[in-house]
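J.: Could you look at this predicted model? Sequence included:
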Amino acid sequence: MSEMDLLKIIASILALVIAVVGHEIMHGWVAYRYGDPTAKSLGRLSINPLRHIDPVGTILIPAILYASNAPFLFGWAKPVPIDMRIVIRNGGYGAAIAVSLAGITYNLLLAVLLATLLPLSYPPQSLMGAFFYLFLVQSVMLNVVLAVFNLWPIPPLDGSQALRFLAAKLGWRGFVEAYEKIYPYGMFILIAVLFTPLSDYLFAPVAWILRAITPGA
């Protein structure tokens with residue numbers, strides 16, 4: 001393994017941890033702002049990654065994707081516990097939508113912020129500079145992929161939660177009831193989509209967003 005390969009692995013791991021841990025913390029933080037103390041009381045608003053790492057989503061899946069030379073990595077951290085009843089009681093369904101989309105918002109904003117640093121870090125002038133550049137590249141890619149992936153309206157992803165609360169806010173009770181019947185099968189649907197050509201279409205916005213935030217890169 002070359003020195004650059006090792007740097008890329010370390011940069012990818014760091015980028016993934018920051019992306020998925022921050023994603024979950026933001027869910028809990030926005031819920032806390034609406035009066036739900038669940039995540040805070042359980043210590044899940046901590047930036048200590050050990051409190052959030054999921055053995056499968058944060059370690060196994062990214063490792064398999066990396067080893068198989070997948071075009072990009074993604075993963076997840078342990079979901080932050082939230083009592084959505086408190087959130088809805090204090091802020092209505094609009095607050096529930098905000099909590100659902102908090103992680104996606106974090107990932108997109110972080111991607112945009114770090115993308116602005118890319119031109120300043122290239123070409124790298126040292127080994128540390130190379131590491132920083134690789135970290136930026138991996139972070140921008142990972143955060144965009146995570147944002148797009150989590151927007152899919154497939155349970156239990158954030159997009160499905162936001163859609164369900166939006167429908168409830170609009171009074172579409174029949175839609176909510178029908179949609180909730182899908183939830184027990186959501187993970188099977190998600191796995192099926194990930195391993196079919198349909199995932200290519202659902203991941204297509206990744207390239208659009210990357211072109212928009214990294215013009216000329």
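T.: Arrived safely. Residues are numbered from 1 along each chain as shown.
J.: Show me which residues of the least confident helix or strand in the chain by mean pLDDT are buried.
T.: Ranked by mean pLDDT, DSSP states H and E, the weakest helix or strand in the chain is helix 61-67, scoring a mean of 74. Using 16 or more other C-beta atoms under 10 Å as the burial criterion, the residues of helix 61-67 that qualify are 61, 62, 65. For the C-beta atoms, the positions are set from N, CA and C on the backbone; glycine is no exception.
J.: From residue 50, how far out is the second one?
T.: This means residue 62. 17 Å (C-beta to C-beta, to the nearest Å).
J.: what do you get for the last one?
T.: Residue 65 sits at a distance of 22 Å from residue 50 (criterion: C-beta to C-beta).
J.: Likewise for the first one?
T.: Taking C-beta to C-beta as the criterion, residue 61 is separated from residue 50 by 18 Å.
J.: With residue 56 instead?
T.: For residue 56 relative to residue 50 (C-beta to C-beta), the value is 16 Å.
J.: Neighbour count: the two, which is higher?
T.: Using other C-beta atoms under 10 Å as the criterion, residue 56 and residue 50 rank with residue 56 on top: 12 against 7.
J.: OK, contacts around residue 113?
T.: For residue 113, the contact set (C-beta atoms under 8 Å, 6 or more residues apart in numbering) is empty.
J.: ok, residue 179 touching residue 167?
T.: Yes. The criterion here is C-beta atoms under 8 Å, and residue 179 meets it with residue 167 at 6.9 Å.
J.: I'd like the distance from the helix or strand that contains residue 200 to the chain centre, please.
T.: Secondary structure assigned from DSSP states H and E places residue 200 in helix 198-202. From the chain centre to the centre of helix 198-202 is a distance of 17 Å (C-alpha atoms, centre = their mean, to the nearest Å).
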